[in-house]
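S.K.: can't give you the sequence, but here's the structure:
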């Protein structure tokens, strides 16, 4: 079941009681792509930087951000992006959907929730991956970090999703597995929900005091009523 980490305010209680939309991060929430990201990063690093150990552990601490932003934070060449993207496409067949997600999405739709994805990936790459996995049609909108002015942790991508869905922030939640997801959600004024079923830094996520914590995808249904009213 979802676990609130602190007594919710009246506002956050109202949000959780009558959600109209759920905005999901992609990697680590919908799909398990950690091994693919690791291999793509190692290959890109070897091609562009050369010999030496690729700092994937440091890279993984920034997951949720747009790849070029991570390169700038780490002081690495932005030229890593091209081979990273190439390898990500090549290895896309190895990405899997987390257990329970395929069952969760149609149930949320049945309950009247409007669904979107707001990801650190580029929009074309995110849509290509979801299409390959047969999940693209489950979402009304899939937005990439290249399609907003500022990527996470800025609120732009969540605000854009809300605008496209025509749902107020008070009636929406963002489900993410990274600190950047929670920060983006909070800045946009939506309920911030932490997902802990992937490769995530659980202590760092819990330290952000999300409005709720989910340990399995199905736990999200506890935050969504069976029938929705306007």
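M.R.: Yep, it's here. All figures in this text were calculated on a predicted structure; none of them were measured in a lab.
S.K.: Would you mind listing the buried residues in stretch 53-61?
M.R.: Going by neighbour count (16 or more other CB atoms under 10 Å), the buried part of stretch 53-61 is 54, 59, 60, 61. In short, each C-beta sits where N, CA and C put it, glycine included.
S.K.: and the third one, backbone torsions?
M.R.: Geometry field for residue 60 lists phi and psi as phi -70, psi -20, criterion degrees, to the nearest 10.
S.K.: distance of it from residue 128?
M.R.: Using CB to CB, to the nearest Å, residue 60 is found at 23 Å from residue 128.
S.K.: mind listing which of the buried residues of stretch 53-61 are in helices?
M.R.: Mapping the buried residues of stretch 53-61 onto helices (DSSP state H) picks out 59, 60.
S.K.: For this protein, give me the ranges with low pLDDT.
M.R.: 1-17, 227-230 (pLDDT under 70).
S.K.: so what's the residue minimising distance to the centre of it up against?
M.R.: Nearest residue to the geometric centre of the chain (CA atoms, centre = their mean): residue 25, 1.4 Å. If you count contacts by CB atoms under 8 Å, 6 or more residues apart in numbering, residue 25 has them with 64, 117, 118, 119, 120, 174, 175, 176, 177, 178, 181, 195.
S.K.: Next: residue 144.
M.R.: Residue 144 neighbours (CB under 8 Å, 6+ apart): 119, 121, 122, 123, 124, 125, 126, 127.
S.K.: circling back: what number of residues lie near the nearest residue to the residue nearest to the centre of the chain once chain neighbours are set aside?
M.R.: Distance criterion CB to CB, 6 or more residues apart in numbering; nearest residue to residue 25, sequence neighbours excluded, is residue 176 at 4.0 Å. Residue neighbour count, defined by other CB atoms under 10 Å, stands at 31 for residue 176.
S.K.: Repeat that for the one 3 residues further on.
M.R.: The burial count assigned to residue 179 is 23, neighbours taken as other CB under 10 Å.
S.K.: quick one: contacts for residue 77?
M.R.: Here residue 77 is in contact with 48, 49, 71 (CB under 8 Å, 6+ apart).
S.K.: Mind giving me the ChimeraX command for buried ones among those?
M.R.: In ChimeraX syntax, the buried subset of the contacts of residue 77 is picked out as below (16+ other CB under 10 Å):
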select :48,71
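S.K.: Which of the contacts of residue 77 fall within strands?
M.R.: Of those, none are assigned to strands by DSSP state E.
S.K.: In CSV: the contacts of residue 77, plus distance to residue 167.
M.R.: Below are the contacts of residue 77 laid out as CSV (distance: CB to CB, whole Å):
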residue, distance to residue 167
48, 41
49, 43
71, 33
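S.K.: Nearest residue to residue 173 in space, please, no chain neighbours.
M.R.: residue 191 is the one closest to residue 173 (CB to CB, 6+ apart), at 3.9 Å.
S.K.: Helices of this structure, residue ranges please.
M.R.: 10-17, 34-48, 56-60, 67-74, 81-90, 101-110, 123-132, 156-165, 179-188, 202-207.
S.K.: now the second one, how far from the chain's geometric center?
M.R.: Relative to the chain's own centre, helix 34-48 is displaced by 20 Å; criterion: CA atoms, centre = their mean, to the nearest Å.
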